[in-house]
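[1] Need a 3D model of the sequence below.
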Amino acid sequence: MAVSMREDERKERSAMLARAAGYAGAAIAALWAARQLDRIYSFPEPLDAELMNVARNFGIFILPALVLLLAGPFRMWFDRFAPLYPLVLGAGVPNIYLQNDALAAGLPIIVLVYPFLVIFALAYLLRGRVPRA
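    Sure thing, here's the model as predicted:
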């Protein structure tokens, strides 16, 4: 009985880790989207193509958060990797604003962050779920 209680506590702690990572990543993505929308609408005429780019990027940025928050519970060893999502997103988004060159700002996002976010979300969605009995 005591072993079962410890195991339940571990599962709850790891589920809380995935949930916290999902909320942190969603907050980073929402702050980025709000900043981009403010930038777009500060121009005299909003650009439709820019708005579509923001929507696409926001969709990619928020995808792992949706998986972490809505698709649980996950296997315990998967939950240990949940904090990677806000860390990678949190490292990639400020890089956009810190770089002076457009290539230096966008290339790490396209080459490193986008593939990581999509693979991370798919891995959690397809392999991380606990089978239902």
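[2] So which residues of this protein form strands?
    Assigned by DSSP state E, the chain shows no strands.
[3] Can you list the low-confidence ranges for it?
    1-15, 46, 72, 128-133 (pLDDT under 70).
[4] Can you get me a residue count around residue 50?
    If you count neighbours by other CB atoms under 10 Å, residue 50 ends up with 15. To be clear about C-beta, it is placed using only N, CA and C from the backbone, and glycine gets the same treatment.
[5] thinking it is in contact with residue 40, fair?
    Yes - under the criterion of CB atoms under 8 Å, residue 50 makes contact with residue 40 at 5.2 Å.
[6] Distance of residue 35 relative to residue 83?
    Between residue 35 and residue 83 the distance is 23 Å, computed by CB to CB, to the nearest Å.
[7] go on, residue 49?
    The value you get for residue 49 to residue 83, if CB to CB is used, is 34 Å.
[8] hey, where'd the helices end up in this protein?
    2-41, 48-70, 76-79, 84-98, 102-108, 114-126 (DSSP state H).
[9] List the contacts of the fourth one.
    For helix 84-98, the surrounding residues in contact (CB atoms under 8 Å, 6 or more residues apart in numbering) are 21-22, 24-25, 28-29, 32, 61, 64-65, 68, 105-106, 108-109, 112-113, 116-117, 120.
[10] Am I right that residue 32 is in contact with residue 39?
    No - counting by CB under 8 Å, residue 32 does not reach residue 39; the two are 10.7 Å apart.
[11] So the two - more neighbours on which side?
    Higher neighbour count among residue 32 and residue 39: residue 32, with 21 against 11, using other CB under 10 Å.
[12] I'd like to know how far the residue nearest to the more buried one when sequence neighbours are not counted sits from residue 30.
    The shortest distance from residue 32 to any non-neighbouring residue, by CB to CB, 6 or more residues apart in numbering, is to residue 93 (5.1 Å). When distance is defined by CB to CB, residue 93 is 11 Å away from residue 30.
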